[in-house]
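Undergrad: got a predicted structure plus its sequence, pasted below:
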Number of protein chains: 6
Amino acid sequence: MKILVVNPNTTASMTKTIGAAARQAASPTTIIEAVTSSMGPVSIEGFYDEAFAVPGLLMEIARAQKSGANAAVIACFDDTGLDAARAFAEIPVVGICEAAVKMASYIARRFTIVTTMERSRIPIEDLVRRYGAGEYARVRAADIPVLSLEYPQSNARDRLRSEIATAMREDDTEAIILGCAGMADLALDLTHEFGLPVIDGVSAAVKQAEALVGLGLSTAKRGPYAKPVPKPYAGLLTDFAPQTLNGKA
Amino acid sequence: MKILVVNPNTTASMTKTIGAAARQAASPTTIIEAVTSSMGPVSIEGFYDEAFAVPGLLMEIARAQKSGANAAVIACFDDTGLDAARAFAEIPVVGICEAAVKMASYIARRFTIVTTMERSRIPIEDLVRRYGAGEYARVRAADIPVLSLEYPQSNARDRLRSEIATAMREDDTEAIILGCAGMADLALDLTHEFGLPVIDGVSAAVKQAEALVGLGLSTAKRGPYAKPVPKPYAGLLTDFAPQTLNGKA
Amino acid sequence: MKILVVNPNTTASMTKTIGAAARQAASPTTIIEAVTSSMGPVSIEGFYDEAFAVPGLLMEIARAQKSGANAAVIACFDDTGLDAARAFAEIPVVGICEAAVKMASYIARRFTIVTTMERSRIPIEDLVRRYGAGEYARVRAADIPVLSLEYPQSNARDRLRSEIATAMREDDTEAIILGCAGMADLALDLTHEFGLPVIDGVSAAVKQAEALVGLGLSTAKRGPYAKPVPKPYAGLLTDFAPQTLNGKA
Amino acid sequence: MKILVVNPNTTASMTKTIGAAARQAASPTTIIEAVTSSMGPVSIEGFYDEAFAVPGLLMEIARAQKSGANAAVIACFDDTGLDAARAFAEIPVVGICEAAVKMASYIARRFTIVTTMERSRIPIEDLVRRYGAGEYARVRAADIPVLSLEYPQSNARDRLRSEIATAMREDDTEAIILGCAGMADLALDLTHEFGLPVIDGVSAAVKQAEALVGLGLSTAKRGPYAKPVPKPYAGLLTDFAPQTLNGKA
Amino acid sequence: MKILVVNPNTTASMTKTIGAAARQAASPTTIIEAVTSSMGPVSIEGFYDEAFAVPGLLMEIARAQKSGANAAVIACFDDTGLDAARAFAEIPVVGICEAAVKMASYIARRFTIVTTMERSRIPIEDLVRRYGAGEYARVRAADIPVLSLEYPQSNARDRLRSEIATAMREDDTEAIILGCAGMADLALDLTHEFGLPVIDGVSAAVKQAEALVGLGLSTAKRGPYAKPVPKPYAGLLTDFAPQTLNGKA
Amino acid sequence: MKILVVNPNTTASMTKTIGAAARQAASPTTIIEAVTSSMGPVSIEGFYDEAFAVPGLLMEIARAQKSGANAAVIACFDDTGLDAARAFAEIPVVGICEAAVKMASYIARRFTIVTTMERSRIPIEDLVRRYGAGEYARVRAADIPVLSLEYPQSNARDRLRSEIATAMREDDTEAIILGCAGMADLALDLTHEFGLPVIDGVSAAVKQAEALVGLGLSTAKRGPYAKPVPKPYAGLLTDFAPQTLNGKA
């Protein structure tokens, strides 16, 4: 089984963190292909960056599908481009926010997501509501730039720890979800430090992708995820016409 | 007052229909600048097309803002790229689905949106729920390709009429919303034909944009619509880095 | 275009404030007719006052409609009598709470309404939920009597300012709505003072009424807003039988 | 124990039906005072009539409270003026829609309310949602004028029967609520005829009023039901100023 | 009229408190049969205990029904086994949480439930949401073991008082519900002490049971409460097969 | 890795079907221990049976946990005893309804659950709402007794097929969930027959249990799933006191 894990921002060092977490979570027989998007923002911080991360992300999913991947994981906590990817791909596609929220709700009734920047809080609350966990999950921002997680000398991890402590005091929280793919390496240490389950979305999504493939399930093609209608795409984005992308990928 | 009305698909004939409806709705002192996106799909039918319509749309909003537009209307019923546009722009941005739903709820307690293709039904239901009208609005698809509305010889208008008649019989509906910018020229005739209010989103959005400008309101910049963080964008999309787009536009 | 703006309480000095705000918001070609109800409470503070403000309010709407008004605005933040007015009137009717909430949600994802008295908080929360903004809007009371806003020497404005400051600290709020028609003159100053959008419902409702008239929309007459059935009304309220009110107005 | 049952429309024959049902439901030691409102519409059919039934209704509640009633029942299925009555009265006030819905949910998970006219459907759906039964209750209209229930030769009862039969076929309904005070005499017969629980709101409300009095509970006076602030009321409604009504009643 | 009040835990001293409260609330002609379950936990603190309280509870309901009881009250605030009891019994069954929440919402728009242990908070929130009061009720835990309420020398009552005081300060609460059957004797004193309505579920449920019996209502047998299908039950629980239980009870 | 799959009814032939499906879904290195409950109903059809299936189910979970199982699956679509099991067990516990609903929502936006008997529809709708899929999932009953699935000569499979066909016609459904553990062997055939994803909960739950174990996650012990408080249990159920069950199991 081969699972694509695509980092939809263009920062290769973060892909390394993500790939390591994915491989650690994967079953021995699963091959993790961790790739970095070739176009768009170096980090995804809010609605604007998110929009420009979608084309590069879909390019990678098209490429991986063509070369035999069995499932794809979108490794950004905004679940960037998830609906578009599901409409395009034949293989199942899993977002890390969705996977983390679903895993959390098997083991806890109330949990807290700690993300990076305040501007990402509402987008994540939108997702949480869509995934049916609006009454169960609280979203907090630790007020740290995404890429500061890449720099050990930054105070990003301390701010994250401090926000987890606040959540435990104020939210009656039972478990923590790390709300950024760049935090994928921290779940185990934080679990021990705080004595409650701390969930990383990248690992969770890899297990969910394995489950879907294991069950032989892929995206339903009746309704909103029906195969895109072939049609011309103009200008800069010509190569992304659905009938073209598979060939170009 | 100058209002940009951007057709986020790349079909110029549809922009003509949209522009005419916008001008008819606008106050005498409002200048409507109706433009066609220069990149992306020729029609937006579902989640995939939507994703690739965003860059071209934002390019037009950047250009218009630079040249003095006071507000922008996104003339696709999926409200394509609305959150990204609000985060980017200084001027207020209005989606035609949002405007139509809000106008409808001033005059009716239950209403039906009739859109084009089945695959667009769920995306519009998602919007309707976000706009707080989930309990009030029903979404129906007339099962017509978007561009068939451009061809008088197609049966698109008949199917639309037939779906409105069904809604009146089955939904206890009090008003109809036309769920595609390409239907903007039909509202008046259908109002007379069916004897209930039929609302076009393009016209509604123009009036809402006028209202926002008239009130001196523009998008709040605390929280999810805060100005995007300047940062490098890679590859094909380099020019869309937020700090670059204003210059390039 | 002529728009009735009716103050449903019987305090003429408040009508003056309301009328001024309405005129400032209106387009040059719009005539604002600002009137004071001739019967009922001097201020509307909670459910009881609200009930007795409805007859006088509907009398004014009947009168204005008869004399050619194109739309009506109900200038009390409880949206007093809104459903009854929509059932009675041929012209569109806009409530200031509804208009403010809808305008706010074009420019912000989370906002706070600051009203006068604690007893008005739940009625406004009921409205906000009905308008579909229950998850987006928080309601706060500044604990000031409505009419204290009319007395510059009262501390009403200071308490209002203080509550706005609290909202900005505690609610992650992106915009403020002034939750009383008597605050209509304060929006601009408070916008500058606090550096975020501050929205007045009277101005918002005038623009929405202009939009509805501009679009040729009036209340749907299928369903709950169907024209009231002619029938006898007894006692003190004889003249308010629907078939009589138009004549008497 | 004395319970006021007020018919908020001005049709005395309906009060007779209501009073009989109330007396049949009441405990032997409970005195039922059934009164007809002295002002307003002869029947309440939709939002407009409802607004004009409130003053007469509150007058009766004020009178009854002064003369020693222990609780009040509002015998119209729109729960006309319920919030205003609770704010005004010291004694507990029960609406017949609220009581019927609460009684129904002790014995069934899904039930159907059958009301009179289509224009009353949305107002009742609003109530049902407020009472927390939006997911459990369906509202249907039998399309009969309220007063036709008073005329045995009308086909009103047949249409009601027919709508109950439809509900049993189409709604997976487990129990029926009669959605009009004028149907209060029919519950027993329909229970036997259709073989499922058929609930009358007048009887239900009498039992709930007895329960509240028996428990020594009356309306909380913190928050929205705080005693109305004394203040002048102008014009036709002068006598309804809260500080005056008790004296005048 | 005979009403069974069953304490589903096996602590007889608590049954005494419960029985006394039930008798005080009951009408003079109502006979209260207060019984203690003969099997299962000595107190119900969370989901696990709750599951093992159900068989003993249903045994008592079967016995009481056979011996002529007209209704049953389940005297544990988790409304333990309520759905199973309704499916089994012919007589109506009332839970004390359900009754308290419904009584509270006749007299208040926002209220707070104060229960015993933190682990019971989520189960009660689940109930409150099911009963349609999710937006109106806040649940707080005073962090006291259930049986500590039986020991006057414990600090349980002080912690309860302290939590009520906190609710009044922080929740804008209008009324308090005591969230444990073991608090049934405290409602009156706390009402006087805190000056707002304090509601005991046992008393409330007795009045609701009286109301249901008075109205001739019992559980609907279409749908989820249909009579259980006769079938073999194995092992320890053989006697609980639905066709056997009535005989054995 | 060892996963307990417990059939909470006492019909061993159904356990065989369940075990086969579980083994087919499991990874090669996972050991499936499929067991039949030793006490309670031969099939679970509605709320009453469900209550009496819990003790036997928990006994098996206690036994399996003691003997080294890493996770437990409850193989009844009512997710019988799920909360009690999570409070009791150290190992993660997965219900088949929950797992099926979560898997379905990775691949479809609207889906239909087809269960056995009408009386199980509301219990499953309750679960679906709790799992956050109330707006996405429709529940249908094929009106077949659970054990008829065990008899090839019954018409149970035809009725199931017929209900799936109806769902595809009437529900705009994108995927089907089989709403009974006894249908676990049918998913693959029905997928091919109907050409859309058909999901079996037993298989789904096994994959989710593998995922949770793979991630090192087990139930959070803060809040409602805290370890039950040791205390005496009386009568027939003495051995189920939480401190005793581990020893006796």
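TA: Ah, there it is. In this text, all values refer to a predicted model and were calculated from it rather than measured experimentally. Numbers count the residues shown, from 1 in each chain, chains lettered A, B, ... in the order given.
Undergrad: look up how far A:L186 lies from the residue lying closest to A:L178 once chain neighbours are set aside.
TA: Excluding its sequence neighbours, the residue lying closest to A:L178 (C-beta to C-beta, 6 or more residues apart in numbering or on different chains) is A:D200, at 5.2 Å. Bear in mind the C-beta positions are built from the backbone N, C-alpha and C, glycine included. Separation of A:D200 from A:L186 (C-beta to C-beta, to the nearest Å): 7 Å.
Undergrad: overlap in contacts of those two?
TA: A:L178 (C-beta atoms under 8 Å, 6 or more residues apart in numbering or on different chains).
Undergrad: which of the two has more neighbours?
TA: Between A:D200 and A:L186, counting by other C-beta atoms under 10 Å in any protein chain shown, A:D200 is the more crowded of the two (30 against 20).
Undergrad: circling back: need the contact list for the residue nearest to A:L178.
TA: A:21, A:100, A:178, A:183-184, A:186-187.
Undergrad: go again with 6 Å.
TA: Contact partners of A:D200, counting by C-beta atoms under 6 Å, 6 or more residues apart in numbering or on different chains, are A:21, A:178, A:184, A:187.
Undergrad: my reading is that the second one lies in a strand. Confirm?
TA: Yes. Secondary structure assignment (DSSP: H, G, I helix; E, B strand; the rest coil) places A:L178 inside a strand.
Undergrad: run a quick neighbour tally on it.
TA: A:L178: 28 neighbours (other C-beta under 10 Å).
Undergrad: please parse chain A into its domains.
TA: Structural domains assigned to chain A are A:2-95+A:204-248, A:97-201, following automatic domain parsing.
Undergrad: CSV please, covering these and showing mean pLDDT.
TA: Putting the domains of chain A into CSV (pLDDT from 0 to 100) gives the following:
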stretch, mean pLDDT
domain A:2-95+A:204-248, 97
domain A:97-201, 96
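Undergrad: got a markdown table for those domains, with distance to F:D49 too?
TA: Formatted as a markdown table, these follow (distance: least, C-beta to C-beta, whole Å):
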| stretch | distance to F:D49 |
| --- | --- |
| domain A:2-95+A:204-248 | 28 |
| domain A:97-201 | 25 |
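Undergrad: what residues does chain A put near chain C?
TA: Applying C-beta under 6 Å from any C-beta of the partner chain, we find that chain A lies next to chain C at A:I122.
Undergrad: which bits of chain A sit near chain E?
TA: So chain A meets chain E at A:R109 (C-beta under 6 Å from any C-beta).
Undergrad: ok, which stretches of chain A are strands?
TA: In chain A, the strands defined using DSSP state E lie at A:2-7, A:31-36, A:40-41, A:71-74, A:93-95, A:111-115, A:137-141, A:175-179, A:198-200, A:233-234.
Undergrad: now for the domains of chain A, which one comes closest to B:Y136?
TA: Comparing the domains of chain A against B:Y136 with C-beta to C-beta, the closest turns out to be domain A:97-201 (18.2 Å).
Undergrad: quick check, the residue in chain A closest to chain F?
TA: Taking C-beta to the nearest C-beta, chain F has its nearest neighbour within chain A at A:G132, 1.6 Å off.
Undergrad: now do the residue nearest to A:L178 against F:L237, distance only.
TA: Distance from A:D200 to F:L237, by C-beta to C-beta: 41 Å.
Undergrad: just give me the longest helix of chain A.
TA: Counting by DSSP state H, the longest helix found in chain A is helix A:47-66.
Undergrad: buried only: go through the contacts of A:D200 for me.
TA: Buried residues within these, defined by neighbour count using 16 or more other C-beta atoms under 10 Å in any protein chain shown: A:21, A:178, A:184, A:187.
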